[in-house]
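Engineer: here's my sequence, what's the structure:
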Amino acid sequence: RWAATANMAQDTLEAGTASGAFLHELRKQLALRRSEFSEVQNFSPARLATLEEQLAALGPVPESGTEPVEIAERRMILAQEIKVLNAPRIRAKEAYKQADGLIREIDAALSAKQTENLLKLGPSPIDLRLWPEAVLQITAKFQSFVGSVSTAWNTPVVRNKARDQLPLIVTLLLAAGVLLTQGHRWLARALCRLSRSEDVYGVDLARYLQALGQLVSVMLCVFLLSRAWSVSRLYDLDLSVLLQAATWIFAPLFISRWLASQLCPVDETSRSALSLSSGSGVQARFLIRWLGVVVSAMILMDYLRDMGDFSSGTAAVIVFVLVTIAGIGAFRLGGLLWRQSSTSQAAPEVAQVPHRFVVRLGQGLAVLAAISIALAAIGYSDLAVTLLRAGLLSTGLLGILFVTFDAVRNASAMLSSDRSAGHDSLAAVVVNAGLIVASLPVFALIIGVRTSELTELWSTFKSGVTLGEVQLSPGVVLQLIVVFVIGLLMTRLIQRT
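Structural biologist: Next up, the predicted model:
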């Protein structure tokens, strides 16, 4: 069975005509078999250990090569039994190497296809003849979504199933409504004591936690609404794909609103990691929210393109419109960061983002926006949208990290008797360093690294290195660091009480 799978995979790679989806599925199967082989070759039955001990008990073969017949026969029998028990492990080791090699070849093929798609030159959206067809195809696609709901409702079997699920649908809708209307009140009540604190660190921490809680509440509402629609079965195959991905599609929209309120607070007395003037803060807040809307539209566009109903010309027009809108916003935001970071001054007690980093970030956004718009106009649609979206998502993730860094320092200050020392304590530094490490896989996914590649790196990370007879695993070291930080935080908390 394994030989047939391996031969099929090898023939597929040599032909070079398989699609990316087929290669991904083939890789999953090979990875599953590889894990099975790994378990077999690492399995050591108790019987094998007993036989090896018995063989060792007979002692080494005499240098003369002669020993009693009974001992020689017994040694031969034990050695033969050990070979029989080791045979599956040896075969599994060989199959593991073969599967691992095939997986590496598939990864190389997928990377080549990904690069080829990015550098593929398509129709230029400057050709205005493409626009009427694009408008018609987009309109037809959304009309098909509406029509699928109407068709499903007019189908007696589907309508009866929807009515049977009505109690669950109503429950999900009520839960979403209650969470949306009462969630902020519950959060405010839970954080009432912290928000009324006279300590500026406590007020900032309460503001961060309340905004984060509202973000989670809104995302849960989106999930509940999409789940209620999924239960109703009033959709077709394409719409079901969008319903399953609804949370991811709307995530940039709501996260950008939360991030804008943290980096550019409406209340001018609130502390912020960015040093922007009042007028620039209003503009930056609007631009961050607007870019979140456009990134959500880009993700939606990707799902629509994968459905195969759009021509290459229509896709080029959609990409050009989205990239142009996002590019203008990113260029404007980059200019604000570039100019205002050198003229505005934050309060001395604010943990401000480094000035030079903000300047370079603004310059990078402006340059990336201009390049992406030019690429989209020429016809490199995939490359343009990938570059700009990766840049915007990376910038957003950096903003989330800086905001969270300050919240961690505020929490550390609240747990310490000395607020100033606790704000910059070792525990806060270690936790923030851990956040940076944890964000690296997310950055990798943003710039286009596949999940399978990250899985390979994670497996290598967990296995560690062997030094003599000691297996040094980075995962064990990381666990020790986490335990140390938790212990230090608990100690500080006990000391306060």
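
Engineer: give me the element residue 89 is part of.
Structural biologist: Using DSSP states H and E, the element containing residue 89 is helix 69-118.

Engineer: who's in contact with residue 389?
Structural biologist: 295, 298, 326 (C-beta atoms under 8 Å, 6 or more residues apart in numbering). Bear in mind the C-beta positions are built from the backbone N, C-alpha and C, glycine included.

Engineer: can you redo these as TSV with pLDDT, secondary structure and neighbour count?
Structural biologist: Output for the contacts of residue 389, formatted as TSV (pLDDT from 0 to 100; DSSP: H, G, I helix; E, B strand; the rest coil; neighbours: other C-beta atoms under 10 Å):
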residue	pLDDT	secondary structure	neighbour count
295	95	helix	23
298	93	helix	22
326	95	helix	25
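
Engineer: one step back: now do the helix holding residue 89: which elements does it pack against?
Structural biologist: helix 2-15, helix 20-42, helix 46-57, helix 381-414, helix 451-463 (3 or more C-beta pairs under 8 Å, 6 or more residues apart in numbering; DSSP states H and E).

Engineer: for the stretch 251-400 of the chain, which segments count as helices?
Structural biologist: 278-306, 312-343, 355-378, 381-414 (DSSP state H, counting those that start in this stretch).

Engineer: which one of those helices lies closest to residue 169?
Structural biologist: Residue 169 lies closest, by C-beta to C-beta, to one member of the helices of the stretch 251-400 of the chain: helix 278-306, at 23.9 Å.

Engineer: how close does the nearest residue to residue 26 once chain neighbours are set aside sit to residue 221?
Structural biologist: Sequence neighbours aside, residue 9 is the residue nearest to residue 26 in space, at 5.9 Å (criterion: C-beta to C-beta, 6 or more residues apart in numbering). Going from residue 9 to residue 221 by C-beta to C-beta, to the nearest Å gives 44 Å.

Engineer: do the same with residue 92
Structural biologist: Distance, residue 92 to residue 221, by C-beta to C-beta: 49 Å.

Engineer: one more: residue 155?
Structural biologist: Noted for residue 155: a distance of 29 Å to residue 221, by C-beta to C-beta.

Engineer: low-confidence stretches in the stretch 51-200 of the chain?
Structural biologist: Where the stretch 51-200 of the chain drops to pLDDT under 70, the residues are 65, 193-199.

Engineer: give the buried residues for stretch 295-302.
Structural biologist: By 16 or more other C-beta atoms under 10 Å, the buried positions in stretch 295-302 come out as 295-301.

Engineer: and of the residues you listed, the nearest to residue 250?
Structural biologist: Nearest to residue 250 among the buried residues of stretch 295-302, counting by C-beta to C-beta, is residue 296 at 6.0 Å.

Engineer: isn't that closest one right up against residue 253?
Structural biologist: Yes. Using C-beta atoms under 8 Å, residue 296 is in contact with residue 253, at 4.3 Å.

Engineer: ok, for the residue nearest in space to the middle of the chain, nearest residue in space, not its chain neighbours?
Structural biologist: With distances taken as C-alpha atoms, centre = their mean, the chain has residue 442 as the residue nearest its mean C-alpha position (4.5 Å). Excluding the flanking residues, the one nearest residue 442 by C-beta to C-beta, 6+ apart is residue 397, at 6.1 Å.

Engineer: list the contacts for the one you found?
Structural biologist: Per C-beta under 8 Å, 6+ apart, neighbours of residue 397: 439, 442-443, 446.

Engineer: next up, the contacts around residue 35.
Structural biologist: Residue 35 touches nothing, counting by C-beta under 8 Å, 6+ apart.

Engineer: let me redo that: residue 363
Structural biologist: 334, 338.

Engineer: with residue 403 as the reference, measure out to it.
Structural biologist: Computed as C-beta to C-beta, the residue 363 to residue 403 distance reads 22 Å.

Engineer: give me the neighbour count for the closest residue to residue 428 other than its chain neighbours.
Structural biologist: Spatially, and ignoring its direct neighbours in sequence, residue 428 is nearest to residue 412 (3.9 Å; C-beta to C-beta, 6+ apart). Number of residues near residue 412 (other C-beta atoms under 10 Å) recorded here: 26.

Engineer: how about low-confidence regions in the stretch 201-350 of the chain?
Structural biologist: 268-273, 275, 278, 340-350.

Engineer: quick check: residue 96 touching residue 37?
Structural biologist: Yes. Assessed by C-beta under 8 Å, residue 96 is found in contact with residue 37 at 3.9 Å.

Engineer: measure residue 332 to residue 392 for me?
Structural biologist: On the measure of C-beta to C-beta, residue 332 and residue 392 end up 13 Å apart.

Engineer: the two - which one has more neighbours?
Structural biologist: A count of neighbours by other C-beta under 10 Å puts residue 392 above the other of residue 332 and residue 392, at 28 against 18.

Engineer: thinking that one is in contact with residue 291, fair?
Structural biologist: Yes. Between residue 392 and residue 291 there is a contact under C-beta under 8 Å: 5.8 Å.

Engineer: overlap in contacts of the two?
Structural biologist: 326, 330.

Engineer: related to what we said a few turns ago, turn the buried residues of stretch 295-302 into TSV, columns for distance to residue 53.
Structural biologist: Listed next are those as TSV, based on distance: C-beta to C-beta, whole Å:
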residue	distance to residue 53
295	63
296	64
297	68
298	64
299	60
300	64
301	65
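
Engineer: so what does the helix or strand that contains residue 201 touch, helix or strand wise?
Structural biologist: Taking DSSP H and E as the definition, one finds residue 201 inside helix 200-232. Here helix 200-232 touches helix 166-190, helix 192-195, helix 237-244, helix 246-263, helix 381-414, going by 3+ C-beta pairs under 8 Å, 6+ apart.

Engineer: which outside residues touch the fourth one?
Structural biologist: Right, helix 246-263. 208, 211-212, 214-215, 218-219, 222-223, 225-226, 242, 272-274, 284-286, 288-289, 291-293, 295-296, 299-300, 303, 393, 396, 399-400, 402-403.

Engineer: before we move on, what SS does residue 124 have?
Structural biologist: coil (DSSP: H, G, I helix; E, B strand; the rest coil).

Engineer: list the backbone torsions phi and psi for residue 125.
Structural biologist: Residue 125 has phi and psi values of phi -70, psi -10 when expressed as degrees, to the nearest 10.

Engineer: tell me the phi and psi of residue 439?
Structural biologist: Per degrees, to the nearest 10, the backbone of residue 439 is at phi -80, psi -10.

Engineer: what is the neighbour count of it?
Structural biologist: Using other C-beta under 10 Å, residue 439 has 16 neighbouring residues.

Engineer: residues contacting it?
Structural biologist: By C-beta under 8 Å, 6+ apart, the contact set of residue 439 is 397, 401.
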